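Enquirer: Build me a structure from this.
(one chain, ligands or ions: 1)
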Amino acid sequence: MALQTASSPDGLEGVVAAHTVLSEVDGAAGRLIIRGRSLDDLAAGVPFEALVGLLFDGFFDDLPADLAPALGRARAEVFAEVAHLDPALAAHEPVVAVRALMARLADGDDLATALRLVAAPAVFTPAVVRAQAGKAPVAPDPALGHAADILRMLHGTPATKEAVAGLDTYLVTVSDHGLNASTFAARVVASTRAGLTSAALAGLGALKGPLHGGAPGPVIEMLDEIGAPENARAWIEAALARKERLMGFGHRIYRVRDPRADALKGPVRALAAAKGGGRVAFAEAVEQAALDILKAHKPDRPLDTNVEFYTALLLEALAFPPSAFTCVFAMGRVAGWMAHAREQLAGGRLIRPQSVYVGPLPLQAA
Ligand code: ACO
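Expert: Below you'll find the predicted structure:
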């Protein structure tokens, strides 16, 4: 029997499923507000720890004014789990290994649990990447800033000021973004009172998909396959003719340029300048070709550059392997998942929508 296609609200587009004080995505204006402040303001110099404090404000009674020491201690605490990173686990793609290590953390709904979960992808990702390269993990240094410690745990040497600033800007930029798919997944699980670890695992599961947080790895593959600016048009046109989507373009909400792409452009250029800037110039040529072709391909649907295009270039410049890009996204977005989970717990009922049955009735099925 052919499966009847449901004509339900497609992808829940336009459906309001939560009221939040955390962030607003204004798709028409291309603006992102996080707790009353615009992303342009936050991305230019607010460290990730301060951003976590901003997101958590009002959702935990015992929130210290400066979260940096507590987050440093949380990194040191979760590092104990890295002992369970056996070769079989390390053979998986990084997001699967990180997800498995995160699943070892106890559930709970207090600040200590939330900070351990914020620390988890930051500590586990460098350990997994190093294990895959045959290198021993580097233990966290709780006295360092979060971004500086992540890069030190990844490379084994202190990071440059530009690299730390670039990663800090990235983590802040992706920390929260309205009711995106992974945040919605985290809120649904939080609404069942399963605990913050379960909510974070739901978020990570949703983030892993190529239509959400899995896009930046394929952006690098696309750039590598194109190879030179003069090949861009032919490559893109052939991909669209095969009905493929261009990774790093299009968004459910933004109908203009994704402001997060702009926030990342400065750090990308600063980091690329040290290497001559050729990679960024090439990527910008590919971006322009893609925008021109997408406009002609879908004149009625604005398809602009999204955050993932510049994420790919930034994380490549910071020497994260493309296979780990989704995990780096999780390092930032986990802060939003935790705040949304606590907001859901504070006031929300169990999330339990309805479906409309469009299958056969018992008489017809017999
Ligand atoms: N390349 C080519 N065509 C596209 C693209 C793209 N990147 N994005 C959308 N389209 C086309 C679709 O094929 C569709 O065409 P059709 O009507 O002929 O079938 C039309 O535009 C509308 O697309 P939808 O699927 O309705 O858009 P939706 O809002 O569901 O999807 C999404 C948004 C998933 C981001 C989409 O634009 C996409 O797949 N982009 C590529 C993946 C990507 O970059 N993801 C990261 C998003 S940012 C983030 O999650 C952090």
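
Enquirer: from the stretch 51-200 of the chain, which residue is nearest to the ligand?
Expert: N180 (6.2 Å; C-beta to the nearest ligand atom). Where C-beta positions appear, they are placed from N, C-alpha and C, glycine not excepted.

Enquirer: what about the residue nearest to that residue when sequence neighbours are not counted, neighbour count?
Expert: Leaving aside its chain neighbours, N180 sits nearest to H212 (7.1 Å; criterion: C-beta to C-beta, 6 or more residues apart in numbering). Counted with other C-beta atoms under 10 Å, the neighbours of H212 add up to 18.

Enquirer: residue contacts, A270?
Expert: 162, 165-166 (C-beta atoms under 8 Å, 6 or more residues apart in numbering).

Enquirer: What subset of those residues is buried?
Expert: 165-166 (16 or more other C-beta atoms under 10 Å).

Enquirer: Inside helices: which ones of the contacts of A270?
Expert: 162, 165-166 (DSSP state H).

Enquirer: Tell me the residues of the stretch 151-300 of the chain that contact the ligand?
Expert: For the stretch 151-300 of the chain, the residues in contact with the ligand (C-beta under 6 Å from any ligand atom) are 211-213, 215, 245-252, 298.

Enquirer: Looking at the residues you listed, spot the one nearest the ligand.
Expert: Distance to the ligand, by C-beta to the nearest ligand atom, is smallest for G250 among these, at 2.3 Å.

Enquirer: My read is that that closest one contacts L303, right?
Expert: Yes - with contact defined as C-beta atoms under 8 Å, G250 and L303 form a contacting pair (4.5 Å).

Enquirer: any residues in contact with both of the two?
Expert: The contact lists of G250 and L303 share L294, where a contact means C-beta under 8 Å, 6+ apart.

Enquirer: quick check, Q354 in a strand?
Expert: No - assessed with DSSP: H, G, I helix; E, B strand; the rest coil, Q354 is coil; it does not lie in a strand.

Enquirer: and it, how far is that from E13?
Expert: 17 Å (C-beta to C-beta, to the nearest Å).

Enquirer: Neighbour count: these two, which is higher?
Expert: Neighbours were counted for Q354 and for E13 using other C-beta under 10 Å; E13 has more, 8 against 5.

Enquirer: Show the contacting residues for the more buried one.
Expert: Taking C-beta under 8 Å, 6+ apart, one finds R252 in contact with E13.

Enquirer: go again using 10 Å as the cut-off
Expert: 252-253 (C-beta atoms under 10 Å, 6 or more residues apart in numbering).

Enquirer: tell me the pLDDT at A215?
Expert: What the model reports as pLDDT for A215 is 79.

Enquirer: so it touches D258, yeah?
Expert: No - look at A215 against D258 with C-beta atoms under 10 Å: they stay out of range, at 11.7 Å.

Enquirer: Can you check which residues contact both of those two?
Expert: In terms of C-beta under 10 Å, 6+ apart, A215 and D258 are both contacted by the residues 248-250, 306-309.

Enquirer: would you turn these into JSON lines with pLDDT?
Expert: Compiled in JSON lines, the shared contacts of A215 and D258 are given as follows (pLDDT from 0 to 100):
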{"residue": "G248", "pLDDT": "92"}
{"residue": "F249", "pLDDT": "95"}
{"residue": "G250", "pLDDT": "94"}
{"residue": "N306", "pLDDT": "92"}
{"residue": "V307", "pLDDT": "92"}
{"residue": "E308", "pLDDT": "91"}
{"residue": "F309", "pLDDT": "94"}
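
Enquirer: ok, those residues vs L240, which is closest?
Expert: Checking the shared contacts of A215 and D258 against L240 with C-beta to C-beta, the nearest one is F249 at 10.7 Å.

Enquirer: Show me the beta-bridge partners of the closest one.
Expert: T305 (DSSP bridges).

Enquirer: What's the mean pLDDT across the helix or strand encompassing R116?
Expert: Using DSSP states H and E, R116 sits within helix 111-132. Averaged across helix 111-132, pLDDT comes to 98.

Enquirer: how deep is the closest residue to D176 other than its chain neighbours tucked in, by neighbour count?
Expert: Nearest non-adjacent residue to D176, counting by C-beta to C-beta, 6+ apart: G336, 3.3 Å away. G336 has 25 neighbours, counted by other C-beta under 10 Å.

Enquirer: between the host helix or strand of G336 and helix 111-132, how big is the angle?
Expert: If you go by DSSP H and E, G336 is part of helix 325-347. Orientation check (axes from the mean of the first three to the mean of the last three C-alpha atoms, to 10 degrees): helix 325-347 against helix 111-132 gives 170 degrees.

Enquirer: In helix 325-347, which residues are buried?
Expert: 325-345.

Enquirer: Is there proximity between it and the ligand?
Expert: No - figure legend: helix 325-347 not in contact with the ligand (C-beta under 6 Å from any ligand atom); closest approach 7.3 Å.

Enquirer: And the helix holding R116, what does it pack against?
Expert: helix 48-56, helix 68-78, helix 87-90, helix 94-103, helix 146-155, helix 196-207, helix 325-347 (3 or more C-beta pairs under 10 Å, 6 or more residues apart in numbering; DSSP states H and E).
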